[in-house]
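1. Give me coordinates for this.
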Amino acid sequence: MKIDIKWRREGNIAIAALLGRVDSSNSNDFLAMAEEGLSPGDGGLLLDFEKVSFISSAGLRVCLILARKLSSSGRAFAMCSLSEFNREVIAVSGFDKLISVHSTAEAALSSLQSS
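-> Sure thing, here's the model as predicted:
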């Protein structure tokens, strides 16, 4: 299954609104699209999962890779708008201890812009 990303920016934060499923069949594409969509001037990345029906461990791995790459270059990273199921996957895996997770895009943007 395919994953799509629609990009927009709020100040210096790149917002990637994802659509579809994120699993082992498209995780490499997801990583490539996320990296290609970032500009050198972006101070952070917000992944908006509002329209993501499912995220697997392969998708979580991509989120962790992105978080580490951004952190190593002094840029912020967050995720938002996860479904109840996807939020539970994040919590059970412990990723919510490693990655900033917010219930809404507005809350995430506020947090990222004040970083």
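2. Distance from the longest strand along the chain to the middle of the chain?
-> In the chain, with assignment by DSSP state E, the single longest strand is strand 44-55. Remark: strand 44-55 is offset 5 Å from the chain centroid, using CA atoms, centre = their mean, to the nearest Å.
3. For whichever helix or strand comes after that strand, name the packing helices and strands.
-> Remark: after strand 44-55, the chain's next helix or strand is helix 57-72, criterion DSSP states H and E. Helix 57-72 is packed against strand 13-22, helix 27-37, strand 44-55, strand 76-80, helix 84-93, with contacts defined by 3 or more CB pairs under 8 Å, 6 or more residues apart in numbering; DSSP states H and E. Yep, even glycine has a C-beta here, placed from its N, CA and C like the rest.
4. which residues touch helix 57-72?
-> Applying CB atoms under 8 Å, 6 or more residues apart in numbering, the contact partners of helix 57-72 are 22-24, 27, 30-31, 34-35, 44-45, 47, 76-77, 79, 89-90, 93, 95, 98-99.
5. hmm, back to that, which of the helices and strands packed on helix 57-72 has the lowest mean pLDDT?
-> Lowest mean pLDDT within the helices and strands packed on helix 57-72: helix 84-93, at a mean of 92.
6. The residue sitting nearest the centre point of the chain bridge partners, please.
-> The centre of the chain sits closest to residue 47, judged by CA atoms, centre = their mean, with a distance of 2.8 Å. Counting by DSSP bridges, residue 47 is bridged to residue 16, residue 79.
7. now the contacts of helix 57-72: which count as buried?
-> Buried members of the contacts of helix 57-72, scored by 16 or more other CB atoms under 10 Å, are 22-23, 27, 30-31, 34, 44-45, 47, 76-77, 79, 89-90, 95, 99.
8. one step back: okay if I get the helices and strands packed on helix 57-72 as a markdown table plus distance to residue 111?
-> Output for the helices and strands packed on helix 57-72, formatted as a markdown table (distance: least, CB to CB, whole Å):
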| stretch | distance to residue 111 |
| --- | --- |
| strand 13-22 | 10 |
| helix 27-37 | 19 |
| strand 44-55 | 9 |
| strand 76-80 | 6 |
| helix 84-93 | 16 |
